[in-house]
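Novice: need a 3D model of the following:
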Amino acid sequence: MFHTASAAFKEWLDVNSRYPFNEIRKTRQSYELKYVLLMDETDRANRYSQYFCLKVKYLPSVMIEQLIMEEKAVPMTPDMTWILETMTGWGVRQSSEWYHEVLALLALTVEEGDPVTKKELCRLIVRPLMREALYNQFGVWQWEARELLLSEWTYWFNTECWRKHKHNLSGMVVSSQQYIAHRAAFTAHHGGYSFPMY
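Specialist: Sure, this is the predicted structure:
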């Protein structure tokens, strides 16, 4: 929990009561904020390396407040906290590029001020890995099979995967990889895409 005694920050939050600030406020004096994303101003050319994750407990609250008010730090909502905890450990070991892509996605979600559901956010996070797996399987020319399988995966994720793994991001990724591998192998073996029997 992030506590603040700064009158300036409380006044600023009163004015900026939109998402995500309405999500982090718990009481007039306390804020459920564990992480912020800071932008790396020196690497603007690489859109996936612009952000890095910081636990707020490592900095004085006055500094965190100032960074947020100056829009140099992007506060992460409680719904994003468990995602970041998975990504900063397990996720970055899977793919450094994917890790930075996820940070950029989370920052963009907050900056756009348009909240998305947990399910939608997780699907957007897992999707790049599935797109990459399909590209590796089918190459650049079989784009139609790739897109059809990606659409099929989206339906499967929303109906099956989310129900089984809604609080387990690594489980979503592993199950999705297995699903894509199975369907891609079936498609390749049968010489083309065929709709699954649900």
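Novice: confirm Glu152 sits in a helix?
Specialist: Yes. Glu152: assigned to a helix according to DSSP: H, G, I helix; E, B strand; the rest coil.
Novice: state the helix or strand in which Gln178 lies.
Specialist: helix 169-189 (DSSP states H and E).
Novice: so what does that helix touch, helix or strand wise?
Specialist: Applying 3 or more CB pairs under 8 Å, 6 or more residues apart in numbering; DSSP states H and E, one finds that helix 169-189 makes contact with helix 78-86, helix 118-138, helix 143-156, helix 162-165. For glycine as for every other residue, the C-beta is placed from the backbone atoms N, C-alpha and C.
Novice: and the next element down the chain from the worst-scoring helix or strand of the chain on mean pLDDT?
Specialist: When the helices and strands of the chain are scored by mean pLDDT, DSSP states H and E, strand 2-3 comes last with a mean of 62. Sequence order places helix 7-15 as the next helix or strand after strand 2-3, per DSSP H and E.
Novice: summarise which helices and strands that following helix is packed against.
Specialist: Partner elements for helix 7-15 (3+ CB pairs under 8 Å, 6+ apart): helix 61-69.
Novice: between the helix it packs on and helix 7-15, how big is the angle?
Specialist: 40 degrees (axes from the mean of the first three to the mean of the last three CA atoms, to 10 degrees).
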